[in-house]
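Enquirer: The sequence isn't on hand, but the structure is:
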């Protein structure tokens, strides 16, 4: 079989490769994150302790950052009067996206959170004793590293009533970006990935970028759990067909 490196070297470059512009419009992903964590005032909220209506405050934050961060940009808008595809250009970084702004500080920990944290710490220690992983729960806990790098983007091309999805993916073999459009694969530059058609962004945390699924989750098949392909096929054949009247 031909090595993967040689196969990827034969991929032809897309006509738009290195043709993108450095466009920095008013909307950035940092602006979106700031709006996500912005404190919100909620008037006329009933307080069970005071037994009266008061103005409450609500803010969003994360206690633990996940290994993979998936961000969906709002591209479709539906209101009482209209529905449309949003084509706003949102600039997002390919490397070094900092999520520290949305991480809760240690002072924000509640008593229940402390209990959850201690329980999780015990589970992590138990897991580390059973599985000799390269990742350590005390270091790769999602509290110490906040920088993420982009590794994939799903693009939506077209309008609200009809469109087409393509994907840009950074290869783990040679680090190059490639555009996957059905059966066609093209080589593109990193700056071409950032455009107004970007819909779903996939970021990986820097301290775990070389990790595998087995380092985070138990991927071993368990006896007695799940269904075999034969069982699934048999079940589908036995199901009654849906009839819409």
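Expert: The structure has been received and is ready for your questions. Keep in mind the model is a prediction, meaning the values are calculated, not measured.
Enquirer: Please identify the buried residues of the helix or strand where residue 232 lies?
Expert: The secondary structure element spanning residue 232 is helix 229-238 (assigned by DSSP states H and E). With burial defined by 16 or more other Cβ atoms under 10 Å, not one residue of helix 229-238 is counted as buried. In short, each C-beta sits where N, CA and C put it, glycine included.
Enquirer: Just checking the distance from that helix to the centre of its chain.
Expert: With Cα atoms, centre = their mean, to the nearest Å as the basis, helix 229-238 stands 33 Å off its chain's centre.
Enquirer: any residues touching that helix, and which ones?
Expert: Helix 229-238 is touched from outside by residue 227, with contacts defined as Cβ atoms under 8 Å, 6 or more residues apart in numbering.
Enquirer: Does the closest residue to residue 207 other than its chain neighbours belong to a helix, a strand or coil?
Expert: Using Cβ to Cβ, 6 or more residues apart in numbering and skipping the chain neighbours, the partner closest in space to residue 207 is residue 145 (4.1 Å). At residue 145, secondary structure determined by DSSP: H, G, I helix; E, B strand; the rest coil is coil.
Enquirer: close enough to count as contact, residue 145 and residue 209?
Expert: No - between residue 145 and residue 209 there is no contact, the gap being 10.1 Å when judged by Cβ atoms under 8 Å.
Enquirer: Looking at those two, which is more packed in?
Expert: Using other Cβ atoms under 10 Å as the criterion, residue 145 and residue 209 rank with residue 145 on top: 17 against 13.
Enquirer: and the gap between that one and residue 38?
Expert: If you measure residue 145 against residue 38 using Cβ to Cβ, to the nearest Å, the figure is 24 Å.
Enquirer: And for residue 27?
Expert: In this structure, residue 27 lies at 15 Å from residue 38, with Cβ to Cβ as the measure.
Enquirer: Quick check: next helix or strand after the lowest-mean-pLDDT helix or strand in the chain?
Expert: Comparing helices and strands within the chain by mean pLDDT, DSSP states H and E singles out helix 111-130 as the least confident, with a mean of 46. Scanning the chain past helix 111-130 towards its C-terminal end, the next helix or strand to appear is strand 147-158 (assignment: DSSP H and E).
Enquirer: circling back: mind checking which of residue 27 and residue 38 has more residues around it?
Expert: Here residue 27 and residue 38 are set side by side on neighbour count (other Cβ under 10 Å), and the busier one is residue 27, at 14 against 10.
Enquirer: Run a quick neighbour tally on the spatially closest residue to the more buried one that is not a sequence neighbour.
Expert: Counting by Cβ to Cβ, 6+ apart, residue 90 is the residue found nearest to residue 27 once chain neighbours are left out, at 4.9 Å. One way to gauge burial is a neighbour count; for residue 90, by other Cβ under 10 Å, it gives 21.
Enquirer: Could you pull up the residues touching the residue sitting nearest the centre point of the chain?
Expert: Centrality entry for the chain: nearest residue to the mean C-alpha point is residue 70, 0.9 Å, by Cα atoms, centre = their mean. By Cβ under 8 Å, 6+ apart, the contact set of residue 70 is 200-203.
Enquirer: same thing with residue 156?
Expert: With contact set as Cβ under 8 Å, 6+ apart, residue 156 has these partners: 75, 85, 163-165, 197, 199.
Enquirer: run the last query once more with 7 Å
Expert: With contacts defined as Cβ atoms under 7 Å, 6 or more residues apart in numbering, residue 156 is in contact with 75, 163, 165, 197, 199.
Enquirer: Just give the nearest non-adjacent residue to it, would you?
Expert: residue 199 (4.4 Å).
Enquirer: and for stretch 71-89, what are the contacting residues?
Expert: Looking at stretch 71-89 with Cβ under 7 Å, 6+ apart, the contacting residues turn out to be 23, 25, 27, 90, 156, 159-160, 196, 198-201.
Enquirer: Nice, that's everything, thank you.
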